[in-house]
Structure formats: C-alpha cells, structure tokens
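Chemist: fold the following, please.
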Amino acid sequence: MKNILAIAVATALIAPAAAMADTTLYGKLHATVGNVETTTGATEASETVVESHSSRLGVKGSTELDNGLSATYGLEYGIDLDGDNEKGTNGQSRSLNARNTFVGLKGGFGEVRVGRHDTPAKLATAGLRCFC
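Modeler: Numbering: from 1, shown residues only. Presented below is the predicted three-dimensional model:
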C-alpha cells in the first residue's frame, strides 16, 4: 500500500511538468506460468508457479528549452508479478522497485543524465540474445 502511495505522490509531482512536455507512458508485462512437480522420497507434489521476467511500468519525456537544449526525465518501476514479495532492507514488500529514475539535459553535445540508469554496457547489449 505504501508503494502505491509513493507512486501517487511521484505522479502528482511529475504531472505538471509532464503536461507541458513530450511524455510517454510505457510498460512491459512479461511472465510465465508453469507447473512444477517435485518428488521427495515417497511424497509427490505439484505446484503452479508464476515467474516474473523484468516487468515494468514507467513514464519518460522531454521538454524543449532555449538554445537547442531539452530537459529530459524518466521514472520507471519494476513490477514483481510472481507474488514472492521479497522483503527489502527496511522490511517493506518489494513488489514494486525503482529502476531507471533520472533527469537530464540534452543538446548538440549529447545527453547528460543524473540519477539511476542502466550502464552503457547494458544499453549496448540490450538487443542481443544468447542461444546457449
């Protein structure tokens, strides 16, 4: 419940800037459902398991400034769909966790971001797949 409240507060703070900016709401729900059968001695058990694979929900955008500069921002949360609800260091449920969260400045020089974001190596290899 506190996570939903935190998202509502963050949305309320971002909403005025997002109304003036080029904003994109995006997400990805990626999960698998499977049946796991286990045998321990003479005991057999069957369980339906849901696995979450990097599901996320976010908002990102930019707004034009003077002299060819743009202010950029992004706020992204990972969503735990499998219901494991791991506990964080403060004992709170981690069904929502912060992912890429940043503000930046973009211009002829490129883009500078401040906050939490994927590494350049992860961005460069994001489209690669291993067929091991």
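Chemist: check which residues of the lengthiest strand in the chain are buried.
Modeler: Longest strand in the chain, counting residues (DSSP state E): strand 96-107. Within strand 96-107, the residues scored as buried using 16 or more other CB atoms under 10 Å are 96, 99, 100, 102, 104, 105, 106. (Glycine included, C-beta is placed from N, CA and C.)
Chemist: need the pLDDT of the fifth one.
Modeler: For residue 104, the model assigns a pLDDT of 92.
Chemist: identify the bridge partners of it.
Modeler: residue 72, residue 113 (DSSP bridges).
Chemist: just the strands from the chain, written as ranges.
Modeler: Under DSSP E, the chain gives strands at 22-28, 31-40, 43-52, 56-64, 70-79, 96-107, 110-116.
Chemist: any idea which of the buried residues of strand 96-107 is closest to residue 28?
Modeler: Taking CB to CB as the measure, residue 28 sits nearest to residue 99 out of the buried residues of strand 96-107, at 10.9 Å.
Chemist: I'd say residue 56 and residue 76 touch.
Modeler: Yes. Using CB atoms under 8 Å, residue 56 is in contact with residue 76, at 5.7 Å.
Chemist: now the common contact residues for those two.
Modeler: residue 99 (CB atoms under 8 Å, 6 or more residues apart in numbering).
Chemist: re earlier: which residues are contacting the longest strand of the chain?
Modeler: Against strand 96-107 from outside (CB under 8 Å, 6+ apart): 3-4, 7, 56, 58, 62, 67-80, 88, 111-118.
Chemist: so that strand versus strand 110-116, what angle?
Modeler: Angle, strand 96-107 to strand 110-116, by axes from the mean of the first three to the mean of the last three CA atoms, to 10 degrees: 150 degrees.
Chemist: and strand 96-107, how far out from the chain's middle?
Modeler: Taking CA atoms, centre = their mean, to the nearest Å, one finds the center of strand 96-107 at 10 Å from the center of the full chain.
Chemist: circling back to that earlier point, and residue 125, which of the strands of the chain is closest to it?
Modeler: Among the strands of the chain, strand 96-107 comes nearest to residue 125, with 16.0 Å by CB to CB.
Chemist: burial count for residue 111?
Modeler: 12 (other CB atoms under 10 Å).
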